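J.: Output the structure for:
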Amino acid sequence: MNKILLLITTLTLFSSCKKELDIEPKYEGTNTDWEFRGLFGKVKEIRQFKTNFKGSDGTQKEKLILNLNEVFEKFGAFKVSEYFDPFGEPLKTIKYFYDDSNMLIKIITIGQNTHQKSIETILNDTTNKITIRDIIYNDSLNFKFIFEYDTLESINRQTKIQNGDTIISNFEYVYNDTNNLLKSVESIVGEENGVVNEYNYDDNGNVIEMITGPKHYKLKTTKEYKNNILIASEHYTVSQDLKEHLNEIIKYDKFHNVINENIFEDGKLNRELKNEYEFDDHGNWIQRKVYLKEHFANSSNFVPIYAETRKIKYWE
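T.: Residues are numbered from 1 along each chain as shown. Below is the predicted model:
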C-alpha cells in the first residue's frame, strides 16, 4: 500500500560544487524514504548540523549544533528520526518498525520536551486492499483510520474514528489515456464542498500545473522542466474571485535542490534566499550556506544567515 506522507515545506538551496558529477536525476516512483528525502544512493545515516552567522557581514559563526539525525533501513525506509531544538537538545524521536515483507507495521513517536508519546500500529490487508491505522496518544486519546484502496492502489475511501465520532471521506479520480492523474476529489460525507486536485502535464508526462483546495480557496503550482529535469516552480494563492496571488518563485539545480527562492508579499518581491552547496561523490549535499537579501529594506547584497553540514553514511 502507498504510504501516507505529510507534505513537507521545501528547503531553500543554491548549488555550487568543485567538480562536475556524472549522476542521473533523482529516482522517481521507487516509493522509498530515500526518494522522499531527495537522496541519492543507499543512505544508511544522516547527521545534520547547523550554525548561524553572526554580525552584519556574516563573517563569524556560532557553534555547530546537531539538529537532525536519521537512520535508514537497507531497503530505503526510515528506521529512526531524531529532531533537536536550536540548542541541540532532544526534541522528538520517531521509530519505525516493519514486518518480514518490509511493510510498515508500527510507528512510535516520543516528544522529549513535551513528554508526549504516540504509538501507531498499522495493519496492511493486501488481499482486501485495506490499511488500518490505530493511533494512541499518551495512553488515552485514540484515533483509528481505515484506508480502502482501488485497483491502482489509490485511496477510494477513508474512515476516521475518534471518541465515537466517525468521519467518512470518499475519493474519486479521473485519468487520461496514459494513466496520468488529471483530477481527484475528496468528499466528506455530510459536507457540501470537497477538496479538488487538478493536474496538467507536458508531452513527457511531467506535471506542469497543479491546483488544489476547496471551492473558495485554492493553491496553484506551476513547474518548468528542461530535458525532463525540474528547473523552476511558481506558487500562487487563488482567492474566491479567482485572482492569482504570487507567493514565491523557486529555481532548482540538476539534482532537484532548490537554488533560489523569491518570496512575495502583496505582489511585490519581499526577500530572496539562496544557498551555496558542496556535494559528496553520490550527489548528496554535505554542506550548504544560506544567504538572504531583504528587498523590502532595499538591500543590494546577500548576507549569509546560516550554514548546515551533513555527515552521511552509506550501506554499500
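J.: For the stretch 101-250 of the chain, which segments count as helices?
T.: Assigned by DSSP state H, counting those that start in this stretch, the helices in the stretch 101-250 of the chain number zero.
J.: tell me what the helix or strand of the chain with the lowest mean pLDDT is packed against?
T.: Across the helices and strands of the chain, mean confidence by mean pLDDT, DSSP states H and E is lowest for strand 60-61: a mean of 80. Packed against strand 60-61 by the contact rule (3 or more C-beta pairs under 8 Å, 6 or more residues apart in numbering; DSSP states H and E) you find strand 43-54. To be clear about C-beta, it is placed using only N, CA and C from the backbone, and glycine gets the same treatment.
J.: in the strand it packs on, what's buried?
T.: Across strand 43-54, burial judged by 16 or more other C-beta atoms under 10 Å covers Val43, Lys44, Ile46, Arg47, Gln48, Phe49, Lys50, Asn52, Phe53.
J.: Which of the residues you listed sits closest to Val174?
T.: Taking C-beta to C-beta as the measure, Val174 lies nearest Val43 of these, at 36.4 Å.
J.: give me every residue that touches the closest residue to the closest one other than its chain neighbours.
T.: Nearest residue to Val43, sequence neighbours excluded (C-beta to C-beta, 6 or more residues apart in numbering): Phe72, at 5.5 Å. Shown in contact with Phe72 (C-beta atoms under 8 Å, 6 or more residues apart in numbering): Asp33, Trp34, Lys42, Val43, Lys44, Glu45, Phe78, Lys79.
J.: Number of residues surrounding the last one?
T.: The burial metric for Lys79, expressed as a neighbour count using other C-beta atoms under 10 Å, is 17.
J.: Same check on Leu242?
T.: Leu242: 7 neighbours (other C-beta under 10 Å).
J.: With His216 instead?
T.: 10.
J.: Now for it: which residues touch it?
T.: Asn193, Gln240.
J.: can you do 7 Å?
T.: Taking C-beta atoms under 7 Å, 6 or more residues apart in numbering, we find His216 in contact with Gln240.
J.: measure it to Val195 for me?
T.: His216 sits 12 Å away from Val195 when distances are taken as C-beta to C-beta, to the nearest Å.
J.: picking up where we left off before, turn the contacts of Phe72 into TSV, including pLDDT.
T.: As requested, these are exported to TSV (pLDDT from 0 to 100):
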residue	pLDDT
Asp33	94
Trp34	94
Lys42	94
Val43	97
Lys44	98
Glu45	98
Phe78	97
Lys79	98
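J.: for Ser299, helix, strand, or coil?
T.: What DSSP: H, G, I helix; E, B strand; the rest coil gives for Ser299 is coil.
J.: Quick check: it touching Glu272?
T.: No: judged on C-beta atoms under 7 Å, Ser299 makes no contact with Glu272 at a distance of 9.1 Å.
J.: For the two, indicate the residue with more neighbours.
T.: Comparing Ser299 with Glu272 by neighbour count (other C-beta under 10 Å), the higher total belongs to Glu272, at 19 against 13.
J.: got the contact list for the nearest residue to Ile146 once chain neighbours are set aside?
T.: Of all residues not flanking Ile146 in the chain, Thr159 sits nearest, at 4.1 Å (C-beta to C-beta, 6+ apart). For Thr159, the contact set (C-beta under 7 Å, 6+ apart) comprises Ile146, Thr166, Ile168.
J.: Wait, Arg310 touches Val43, no?
T.: No: between Arg310 and Val43 there is no contact under C-beta under 7 Å: 10.0 Å.
J.: Tell me the spacing between the nearest residue to Thr221 once chain neighbours are set aside and Glu35.
T.: Among residues not flanking Thr221 along the chain, Met210 sits closest, at 4.8 Å (C-beta to C-beta, 6+ apart). Computed as C-beta to C-beta, the Met210 to Glu35 distance reads 18 Å.
J.: got a pLDDT number for the residue lying closest to Phe147 once chain neighbours are set aside?
T.: Take Phe147 and drop its neighbours on the chain: the residue closest to it by C-beta to C-beta, 6+ apart is Thr131, 4.4 Å away. Among the per-residue scores, Thr131 shows a pLDDT of 96.
J.: mind listing what's buried in the helix or strand encompassing Lys289?
T.: Using DSSP states H and E, Lys289 falls within strand 285-294. Buried residues in strand 285-294, counting neighbours by 16+ other C-beta under 10 Å, are found at Trp285, Ile286, Arg288, Lys289, Val290, Tyr291, Leu292, Lys293.
J.: swap in stretch 209-229?
T.: Applying 16+ other C-beta under 10 Å to stretch 209-229 flags Met210, Ile211, Thr212, Lys218, Lys220, Thr221, Thr222, Lys223 as buried.
J.: what's the span of it, first residue to last?
T.: End-to-end distance for stretch 209-229, by C-alpha to C-alpha, to the nearest Å: 15 Å.
J.: Also stretch 135-149?
T.: 20 Å.
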